[in-house]
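Novice: I would like to see how this sequence folds:
(2 chains)
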Protein chains: 2
Amino acid sequence: MTDLRIAIVGFGKIARDQHVGAIAATPGATLAAVASRNASLPGLPHFATIEELLEKGPPIDAVSLCTPPQVRRAQAAAALAAGKHVMLEKPPGTGVAELDPLIAMAAGAKRTLFATWHSRYAPAVEPARQWLAGRRIASVHISWKEDVRVWHPGQGWIWEPGGLGVFDPGINALSILTRILPQPVFVTAAELAFPANCQAPIAANLTLTDIGGLPVSAEFDFRQTGPQSWDIVVGTDQGRMILSNGGARMAIDGKVLAEAPDEEYRGLYRRFVALAASGASDVDLAPLRLVADAFLLGRRTVVETFVD
Amino acid sequence: MTDLRIAIVGFGKIARDQHVGAIAATPGATLAAVASRNASLPGLPHFATIEELLEKGPPIDAVSLCTPPQVRRAQAAAALAAGKHVMLEKPPGTGVAELDPLIAMAAGAKRTLFATWHSRYAPAVEPARQWLAGRRIASVHISWKEDVRVWHPGQGWIWEPGGLGVFDPGINALSILTRILPQPVFVTAAELAFPANCQAPIAANLTLTDIGGLPVSAEFDFRQTGPQSWDIVVGTDQGRMILSNGGARMAIDGKVLAEAPDEEYRGLYRRFVALAASGASDVDLAPLRLVADAFLLGRRTVVETFVD
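Specialist: Predicted structure coming up:
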């Protein structure tokens, strides 16, 4: 089998920090080009836009879209129309409904559409899912608190409509939650704190449950300047599980049962290569749907102006 | 076949204005009881809550939930668990994801879950759908402008989180739109105007499209004190269709091709009786999903305080 020739579209922080190295480390994947208005990678063909890439670029099989969510749908449609497999950074769109036509296009063209949730590939997520499958779950609490100035410097799009604000990291927690719980959950209440000058919340508290009434709470906060937390705590009839470090570490009643270095993006590209081999798609919209519901039914408060 | 014995739960304006008469006029349907904290109907068994109805009430086969959306999910779950068919007023929930477990419950119990969209049963909607099916559609514009003080007097829940505000009528337009167009649409931009004292918008402008790039715009406004409008205008290669009066009248280039008195709720109950005969469900979440997406990706502005 020849390598999957991938072009990265959108060459910002996440592309440089994660995608380039992960593609390099993935058997069967080759980075063939970059499309970005502002940035390039020495030694690789570079194009300003995806249209230029598709028209004038070297032969490629797939694109990995690392642009902000507000422009990704049109890029995905263009790539699928050109017969390319498409990998979408999270969130997969600015809205839930915009994915349906892309799913249909991918199916019609027998091309892969892969809506990625990188946190699901954190090393302790699968062990956590398996451990919970045999337990009676009593409660779940998510604490996802980070300093936006440290982790999202200069990412103005995050505060624009469709940028998700604190849900940009928060949706990672929801992607893990919807993976490790045996039952689907839904949002019943939400509090969203919008800075006076922003179109996306800087903090949010969510109340969720499942059909059995499981109490699930989530605290998302972008204003955390002390210790950062990316933790999911699950109370069960056989002990208390803490999935911490964004899914990298699982402990039961204080005893560490799983811990490994981060290889999330390598997991994503291994999966993308496998999917593309058959043209199958993998699009799970559950995490984005929970965020949409939080916006739909949430109570909004206005808080202090945010200056990056 | 014996009649479907229906209890109405929530006896506010919509129940009195529409449901009672429609059940009375529908062959195969009988109104058997009312559950409502504040209101009753002379001559009918009355209970304060759905729990009391299910526990102590007369034999019933189905409930029709006319309560505000914020409390409907739990009521639907209780009714399905008690083996009853369930009809949901619109919107079917305060969030999209909360419907999934209800759909699964209904399927498991072989009971009907019917998420109604009454405007789809307006007399000119089906003629409009058929007429458009053979045309090339160039543009769509929705104008849904009404005086909230006239149409929703004292309905405080509409301004609370999950109450939808102007989307409470606006979702009727979206339910028609998603029925008459041959392709699914999605929201690409939205402007939401929130009164300073309300948790739901009083006006909204939406931009939508489909995979082919069809331009669709929608203006929803609750502050209309002059002529009211519930119109959808569709430009095509073979003339301009105006679907007006909330779907009651269709005209092509000014010539009226369909017009009839409103029997929307009779249509709903005919459908409910037919569905319940086999225990089949009918839940289309497309209109609610569009509203959720509008909240998710919309730009919010704050406007004048609203006093009912």
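
Novice: use CA for all of it now, contacts and neighbours both
Specialist: Fine.

Novice: what's near enough to touch A:Thr94?
Specialist: Contact analysis of A:Thr94 by CA atoms under 8 Å, 6 or more residues apart in numbering or on different chains lists A:69-70, A:162-163, B:188, B:293, B:296-297.

Novice: kindly recompute the last result at 6 Å.
Specialist: A:Thr94 is in contact with A:69-70, A:162, counting by CA atoms under 6 Å, 6 or more residues apart in numbering or on different chains.

Novice: ok, of those residues, which one's closest to chain B?
Specialist: A:Gly162 (4.2 Å; CA to the nearest CA).

Novice: buried sites along stretch A:18-26?
Specialist: Buried residues in stretch A:18-26, counted by 16 or more other CA atoms under 10 Å in any protein chain shown: A:19-20, A:22-23, A:26.

Novice: just the contacts of A:Thr94 that are near chain B?
Specialist: A:Gly162 (CA under 6 Å from any CA of the partner chain).

Novice: save the contacts of A:Thr94 as JSON lines, and put in secondary structure, neighbour count and pLDDT too.
Specialist: JSON lines is the format used below for these (DSSP: H, G, I helix; E, B strand; the rest coil; neighbours: other CA atoms under 10 Å in any protein chain shown; pLDDT from 0 to 100):
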{"residue": "A:Pro69", "secondary structure": "helix", "neighbour count": "21", "pLDDT": "90"}
{"residue": "A:Gln70", "secondary structure": "helix", "neighbour count": "21", "pLDDT": "88"}
{"residue": "A:Gly162", "secondary structure": "coil", "neighbour count": "26", "pLDDT": "89"}
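
Novice: in helices, which of the buried residues of stretch A:18-26 fall?
Specialist: Using DSSP state H, the members of these that fall in helices are A:20, A:22-23.

Novice: just the closest of these to chain B, please.
Specialist: Chain B has its nearest neighbour among those in A:Val20, at 29.4 Å by CA to the nearest CA.

Novice: domains for chain A, by residue range?
Specialist: A:4-115, A:119-263+A:292-303 (the TED database).

Novice: contacts for the strand or helix carrying A:Gly235?
Specialist: Element membership for A:Gly235, per DSSP states H and E: strand A:229-236. Residues outside strand A:229-236 that contact it (CA under 6 Å, 6+ apart) are A:136-145, A:240-246.

Novice: mark which of these are buried, thanks.
Specialist: Counted by 16+ other CA under 10 Å, the contacts of strand A:229-236 give A:137, A:139-145, A:240-246 as buried.

Novice: figure out how far the helix or strand containing A:Arg5 is from the centre of its chain.
Specialist: In the assignment (DSSP H and E), A:Arg5 maps to strand A:4-9. Counting by CA atoms, centre = their mean, to the nearest Å, strand A:4-9 is centred 19 Å from the centre of its parent chain.

Novice: what does stretch A:232-249 give?
Specialist: 20 Å.

Novice: need the mean per-residue confidence for that stretch.
Specialist: For stretch A:232-249, mean pLDDT rounds to 98.

Novice: for the residue in the stretch 201-308 of chain A that chain B sits nearest to, phi and psi?
Specialist: Residue nearest to chain B within the stretch 201-308 of chain A (CA to the nearest CA): A:Leu297, separated by 4.1 Å. With angles defined as degrees, to the nearest 10, A:Leu297 sits at phi -110, psi 0.

Novice: leaving out sequence neighbours, find the closest residue to it.
Specialist: Leaving aside its sequence neighbours, A:Leu297 sits nearest to B:Gly162 (CA to CA, 6 or more residues apart in numbering or on different chains; 4.1 Å).

Novice: kindly report the same for A:Gln75.
Specialist: Nearest in space to A:Gln75, with sequence neighbours left out and distances taken as CA to CA, 6+ apart, is A:Ile50 at 6.8 Å.

Novice: with A:Arg120 instead?
Specialist: Using CA to CA, 6+ apart and skipping residues adjacent in sequence, the residue nearest A:Arg120 is A:Ile176, 5.3 Å away.

Novice: could you tell me the end-to-end distance of stretch A:117-129?
Specialist: With CA to CA, to the nearest Å applied, stretch A:117-129 spans 15 Å between its terminal residues.

Novice: how much space separates the most centrally placed residue in chain A from B:Ala258?
Specialist: Note on chain A: the residue nearest the mean C-alpha position is A:Lys90, at 3.3 Å, using CA atoms, centre = their mean. Separation of A:Lys90 from B:Ala258 (CA to CA): 46 Å.

Novice: and the stretch 101-250 of chain A, which residues reach chain B?
Specialist: Neighbours of chain B within the stretch 101-250 of chain A, by CA under 6 Å from any CA: A:101, A:161-162, A:186, A:211.

Novice: and the contacts of A:Thr94 as JSON lines, adding distance to A:Val96?
Specialist: Below are the contacts of A:Thr94 laid out as JSON lines (distance: CA to CA, whole Å):
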{"residue": "A:Pro69", "distance to A:Val96": "12"}
{"residue": "A:Gln70", "distance to A:Val96": "12"}
{"residue": "A:Gly162", "distance to A:Val96": "11"}
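
Novice: for the stretch 1-150 of chain A, what spans make up the helices?
Specialist: Taking DSSP state H, counting those that start in this stretch to define them, one finds helices in the stretch 1-150 of chain A at A:13-14, A:20-24, A:50-56, A:69-81, A:99-109, A:125-133, A:148-151.

Novice: reformat those as a markdown table; add distance to A:Glu264.
Specialist: Putting the helices of the stretch 1-150 of chain A into a markdown table (distance: least, CA to CA, whole Å) gives the following:
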| stretch | distance to A:Glu264 |
| --- | --- |
| helix A:13-14 | 12 |
| helix A:20-24 | 9 |
| helix A:50-56 | 26 |
| helix A:69-81 | 20 |
| helix A:99-109 | 23 |
| helix A:125-133 | 11 |
| helix A:148-151 | 17 |
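
Novice: how would you label A:Gly246: helix, strand or coil?
Specialist: Three-state call for A:Gly246 (DSSP: H, G, I helix; E, B strand; the rest coil): helix.

Novice: what sits against it?
Specialist: A:Trp230.
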